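K.L.:
following is a predicted model, sequence given first.
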Amino acid sequence: MSAQSEGEYAEALQNYYEAMRLEIDPYDRSYIPYNIGLIHTSNGEHAKALEYYFQALERNPSLPQAFNNMAVICHYVRLSIL
């Protein structure tokens, strides 16, 4: 997460993709796509972000942060269309 907090999103994504390959704990694994979604949200890539938030929720349906971020994206996209 260090690279992500420093704004090094490309490096952070590589680290998360590697973590997806290596992490075996299902609970911990649910946070990896969530964090990837955060990066895509920060980059304005809303469709990709939603895809990863859905993946996080498939692994952990009780991840309120993912639901919240999805709602924020839907609200933002709706407002930008108007």
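P.N.:
Okay, I see it.
K.L.:
quick check, pLDDT for Leu79.
P.N.:
We have a pLDDT of 67 for Leu79.
K.L.:
if you could redo that for Ala3, that was the one I meant.
P.N.:
Ala3 carries a pLDDT value of 80.
K.L.:
ok, Asn15 next?
P.N.:
As summarised for this prediction, Asn15 has a pLDDT of 96.
K.L.:
and for the one 10 residues further on?
P.N.:
Asp25 carries a pLDDT value of 94.
K.L.:
and it, how many residues sit next to it?
P.N.:
8 (other CB atoms under 10 Å). C-beta coordinates here come from the backbone N, C-alpha and C atoms, glycine included.
K.L.:
any weak-confidence spans in the protein?
P.N.:
1, 79-82 (pLDDT under 70).
K.L.:
what about the residue most central in space within it, which helix or strand?
P.N.:
With distances taken as CA atoms, centre = their mean, the chain has Gly37 as the residue nearest its mean C-alpha position (1.7 Å). Taking DSSP states H and E as the criterion, Gly37 maps to helix 26-42.
K.L.:
buried residues in that helix, which are they?
P.N.:
29-41 (16 or more other CB atoms under 10 Å).
K.L.:
which strands and helices sit next to that helix?
P.N.:
Of the remaining helices and strands, those touching helix 26-42 by 3 or more CB pairs under 8 Å, 6 or more residues apart in numbering; DSSP states H and E are helix 2-5, helix 9-22, helix 46-59, helix 64-81.
K.L.:
which of those is buried the deepest?
P.N.:
Stretch with highest mean neighbour count among those: helix 46-59 (a mean of 18; mean count of other CB atoms under 10 Å).
K.L.:
kindly export that one (C-alpha atoms) in PDB.
P.N.:
As requested, the backbone C-alpha atoms of helix 46-59 are provided in PDB (Å, rounded to 0.1, in the frame of the first residue of the first chain):
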ATOM      1  CA  HIS A  46     -15.200   4.300 -13.000                       C
ATOM      2  CA  ALA A  47     -16.200   1.300 -15.000                       C
ATOM      3  CA  LYS A  48     -13.000  -0.600 -14.100                       C
ATOM      4  CA  ALA A  49     -13.400   0.500 -10.400                       C
ATOM      5  CA  LEU A  50     -16.900  -0.900 -10.300                       C
ATOM      6  CA  GLU A  51     -15.700  -4.200 -11.800                       C
ATOM      7  CA  TYR A  52     -13.200  -4.500  -9.000                       C
ATOM      8  CA  TYR A  53     -15.600  -3.500  -6.200                       C
ATOM      9  CA  PHE A  54     -18.000  -6.200  -7.500                       C
ATOM     10  CA  GLN A  55     -15.100  -8.700  -7.300                       C
ATOM     11  CA  ALA A  56     -14.400  -7.600  -3.800                       C
ATOM     12  CA  LEU A  57     -18.000  -8.100  -2.800                       C
ATOM     13  CA  GLU A  58     -18.100 -11.600  -4.400                       C
ATOM     14  CA  ARG A  59     -15.300 -12.500  -2.000                       C
END
